[in-house]
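A.B. asks: Predicted model and sequence below, questions to follow.
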Amino acid sequence: MNPISEKKSHSLVDFNSVGFSYGKMEILKDINVSLPRGKITAIFGGSGTGKTTFLRLMGGQLRPSQGAVNFDGIPINKMSYRELYAARRRMGMLFQFGALFTDLTVFENVAFPLREHTNLSAKLLRDLVVMKLHAVGLRGAKNLNTSELSGGMARRVALARAIALDPELIMYDEPFTGLDPIATAVIANLIRKLNNALGITSVLVTHDVEVSLQIVDYCVVLASGEVVGQGTPQEIRQSDNPLIKQFINGQIDGPVPLHYPAPDYTRDLGVSSEK
Amino acid sequence: MRNNTLFRGMILVGKLTIDGVWKIGSASRFMFYVICRSGMTVRRPRLLLDEIYFAGALSLIIIIVSGLFVGLVLGLQGYETLKRYGSAEAVGTLVALSLVRELGPVVAALLFASRAGSAMTAKIGIMKSTEQLSAMEMMAVDPYSRVVTPMFWGGFFSMPLLAAIFSAMGIFGGYLITVVVIGVDGGAFWSQMQASVDFQGDILNGIYKSVVFGFAVNAIALFEGFDCLPTAEGVSRAVTRTVVTSALAVLALDFVLTAFMFTGA
Ligand SMILES: Nc1ncnc2c1ncn2[C@@H]1O[C@H](COP(=O)(O)OP(=O)(O)O)[C@@H](O)[C@H]1O
Ligand SMILES: [Mg+2]
């Protein structure tokens, strides 16, 4: 009936004209993006375009300088401390390098959120952790230390930990970076499978276009802090927007500049004729 | 040109001042958060016990050994000097007063800063730079309540105990060297000590000192860890700063406290 409730039923997270700056450096500009419930959305962008910043805005770890990020219809930056922590219990985040607790074993890492937020008996807790580890194929690794894990395994343990509390929203920060093709395929498969099995709304920020296009339902392309295009993987592949084409095909220099903003090159080298 | 240098100098002074004020401000805010979020530490004493073990029990060896050596040296030096005035028995008083009033709290705090303080800074700094603290926050677990606050109170409660153990070991060291080795009369050693060390004036004041030092050292160590740049050098610089700043803070505070406690009385 009213437009807000309609929107609420369709998308779990909405960015409404969000801008974000670190000091004077503008990272994100006028972002309008909605993440549909139960779907996987990919946010594409090169290194340093503000992908991690985008996720931190969703988790309430950063506050937008302009606009608002709504989680289930409520602006995250207006939430009280309690409300924010309640909202975070409904989110899971897979950090770029896993961010496992290095002083705990694999089992204890996955058990951590359960121990903090529930009062399960030891038996039930153990069963739950084993189930989560089984879902990522690492049931056999539960007694290992985090230092004994490979990069791909560490990320799967982190994934098991992120889904320990059955979140409604899960955020993946560059889940494929630094993995070999097999480990990449394993993670990609897991992301799709978890989404189908649990109906979790997923958002994945990445610069790995090829793998991601195969598993996601919707894509948003960021360049220089702005949304330059969005659509289904099909639409993105066929887009004739030069910014998107440059990104998908991996051209070095195009409309997206290669260089970080800098003073004139000749001036920098001190060979300018100007005195 | 000269103008320019002057101008730069002024800018530098201004910047240093602003940075300093900024840092004191953020440290105060940090400690305010830490103290406000102590609820979980009260509800889950297990967290506190782990940290007391980490900060206190693991520092025991260095505290015991150093205390013993400091006592041995004090005993030797004190005996050599007092002997000349024919009051070698007063060496017990000398050892006890130096330790209880000054050396116990101060040296224990310096050792604590380099043993436990540096470890706390490194632990928090690494957890920050590997995003473990962020991950905790995203799991809806407040890193202040879960990690920082128990560490703070664990260190805070350990400090006076360590200082007391340091002083006790020092007195024992003084006894060993003067009574057992040199042969000063044991009865006189203890009775003069008992007669001249005042519980209120000496022992309690020593404990107050170590409480203040415990607060300062733990606050500095945790703030430096939390405030560090999330890189390898960032963490290593923060650890260095913890040791240096704590040492300066302890010595400066000691002067201030001594001036208030032991003069004019
Ligand atoms: N704490 C910070 N302070 C200042 N600038 C930052 C900070 N964190 C990130 N940035 C800058 O913000 C930009 C976007 O960072 P980020 O979101 O991490 O990029 P991505 O994840 O896409 O690689 C980068 O150019 C980076 O230099
Ligand atoms: Mg990133």
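C.D. replies: Thanks, I have the structure now. Numbers count the residues shown, from 1 in each chain, chains lettered A, B, ... in the order given. Ligands and ions are numbered 1, 2, ... in the order given.
A.B. asks: show me where pLDDT drops low in the chain?
C.D. replies: Picked chain A for this. A:1-9, A:250-261, A:272-275 (pLDDT under 70).
A.B. asks: meant chain B, my bad for not saying
C.D. replies: Looking at chain B by pLDDT under 70, you get B:1-2, B:264-265.
A.B. asks: list the helices and strands the lengthiest helix in it packs on?
C.D. replies: In chain B, with assignment by DSSP state H, the single longest helix is helix B:2-36. Where contact means 3 or more CB pairs under 8 Å, 6 or more residues apart in numbering or on different chains; DSSP states H and E, helix B:2-36 is packed against helix B:149-175, helix B:205-227. Any C-beta I mention is one placed from the backbone N, CA and C, and that applies to glycine too.
A.B. asks: Pull the residues that contact the helix or strand hosting B:Thr121.
C.D. replies: Assigned by DSSP states H and E, B:Thr121 belongs to helix B:118-129. If you take CB atoms under 8 Å, 6 or more residues apart in numbering or on different chains as the criterion, helix B:118-129 is touched by A:102, B:54-55, B:132-133, B:143, B:147-148, B:151, B:155, B:218, B:221-222, B:224-226, B:228, B:230-232, B:234-235, B:238-239, B:241-243.
A.B. asks: quick one: it near ligand 1?
C.D. replies: No: on the criterion CB under 6 Å from any ligand atom, helix B:118-129 is out of touch with ligand 1, staying 11.6 Å away.
A.B. asks: can you state the direction angle for that helix and helix B:205-227?
C.D. replies: If you take axes from the mean of the first three to the mean of the last three CA atoms, to 10 degrees, helix B:118-129 sits at 20 degrees to helix B:205-227.
A.B. asks: Using CSV, list the CA coordinates for helix B:118-129.
C.D. replies: Provided in CSV are the C-alpha atoms of helix B:118-129 (Å, rounded to 0.1, in the frame of the first residue of the first chain):
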residue,chain,number,x,y,z
SER,B,118,53.9,-4.6,25.9
ALA,B,119,52.1,-8.0,25.5
MET,B,120,48.7,-6.3,25.9
THR,B,121,49.5,-3.7,23.3
ALA,B,122,50.8,-6.2,20.8
LYS,B,123,47.8,-8.5,21.3
ILE,B,124,45.2,-5.7,20.8
GLY,B,125,47.3,-4.2,18.0
ILE,B,126,47.5,-7.5,16.1
MET,B,127,43.8,-8.2,16.7
LYS,B,128,43.0,-4.8,15.2
SER,B,129,45.3,-5.1,12.2
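A.B. asks: Of all the residues in it, which ones are buried?
C.D. replies: Neighbour-count burial for helix B:118-129 flags B:118-129 (criterion: 16 or more other CB atoms under 10 Å in any protein chain shown).
A.B. asks: Next: stretch B:73-83.
C.D. replies: So for stretch B:73-83, counting by 16+ other CB under 10 Å, buried means B:74-76, B:78-79, B:82.
A.B. asks: Next: stretch B:220-238.
C.D. replies: Neighbour-count burial for stretch B:220-238, counted by 16+ other CB under 10 Å, picks out B:220-228, B:235, B:237-238.
A.B. asks: One more: stretch B:38-50?
C.D. replies: B:38, B:40-41, B:47-48.
A.B. asks: hmm, who's touching that stretch?
C.D. replies: B:142, B:145-146, B:149-150, B:153-154, B:157.
A.B. asks: closest to A:Lys193 among the buried residues of helix B:118-129?
C.D. replies: B:Met127 (31.0 Å; CB to CB).
A.B. asks: Against ligand 1, how distant is that closest one?
C.D. replies: For B:Met127, the distance to ligand 1 equals 17 Å [CB to the nearest ligand atom, to the nearest Å].
A.B. asks: same for the helix or strand harbouring A:Arg56, what does it pack against?
C.D. replies: Element membership of A:Arg56, judged by DSSP H and E, is helix A:51-58. Contacts defined by 3+ CB pairs under 8 Å, 6+ apart place helix A:51-58 against strand A:11-22, strand A:25-36, strand A:66-71, strand A:169-173, strand A:201-206.
A.B. asks: so which strand or helix has B:Met40?
C.D. replies: Taking DSSP H and E as the definition, B:Met40 sits inside helix B:39-43.
A.B. asks: No further queries at this time; thank you.
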